[in-house]
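K.L.:
no sequence on this one, just coordinates:
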């Protein structure tokens, strides 16, 4: 049976990311985003729902999130759903929760004054890098791309 597990969320960070490392040295960052939904009820009343979604990032993505993300920052998260399962020690009940395992994260908006400093550093690095000329594709006799030779 085919299946598809893809999540795309746009929301605001509800707390600063928590960075930790596994015993093998792999970075893990946990944070939560608030996703808003506005709609009107049948009687015309405007309603706003907010869902709080837990997100986990791994490896270099986790380190980047911990370094640059701050509470309130808007971001776009792409990833997959994962289910955590455990037994509650106090009651003995089986528990579970869904979370998003981030595969891509797009930072949106201008976060804080700290982000301006990192943006300026990035711009300085780009300015210092030599600009390479764009490659020109080979052209055939009629001005079109040259055909690849057959082997």
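P.N.:
Yep, it's here. Bear in mind the structure is a predicted one, so any value in this text is a computation, not a measurement. Numbers count the residues shown, from 1 in each chain.
K.L.:
This structure: helices as residue ranges?
P.N.:
59-68, 113-128 (DSSP state H).
K.L.:
least reliable of those helices going by mean pLDDT?
P.N.:
Lowest mean pLDDT within the helices of the chain: helix 113-128, at a mean of 35.
K.L.:
residue ranges of the strands in the chain, please?
P.N.:
7-13, 18-21, 27-40, 46-58, 74-87, 94-107 (DSSP state E).
K.L.:
Across the sheet, point out what pairs with the most centrally placed residue in the chain.
P.N.:
For the chain, residue 105 is the residue whose C-alpha lies nearest the centre (CA atoms, centre = their mean; 1.7 Å). Beta bridges link residue 105 to residue 77 when assigned by DSSP bridges.
K.L.:
Quick check, it in contact with residue 65.
P.N.:
Yes. Using CB atoms under 8 Å, residue 105 is in contact with residue 65, at 6.4 Å. Quick note: C-beta positions are derived from backbone N, CA and C, even for glycine.
K.L.:
Overlap in contacts, those two.
P.N.:
residue 57 (CB atoms under 8 Å, 6 or more residues apart in numbering).
K.L.:
check contacts around the residue lying closest to residue 8 once chain neighbours are set aside.
P.N.:
Excluding its sequence neighbours, the residue lying closest to residue 8 (CB to CB, 6 or more residues apart in numbering) is residue 78, at 5.1 Å. By CB under 8 Å, 6+ apart, the residues touching residue 78 are 6-8, 102-106.
K.L.:
likewise residue 99?
P.N.:
Residue 99 neighbours (CB under 8 Å, 6+ apart): 53-56, 81-84.
K.L.:
what's the answer for residue 3, then?
P.N.:
Residue 3 touches nothing, counting by CB under 8 Å, 6+ apart.
K.L.:
and the nearest residue to residue 66 once chain neighbours are set aside, how many neighbours?
P.N.:
Leaving aside its sequence neighbours, residue 66 sits nearest to residue 19 (CB to CB, 6+ apart; 3.7 Å). For residue 19, the count of nearby residues is 16 (other CB atoms under 10 Å).
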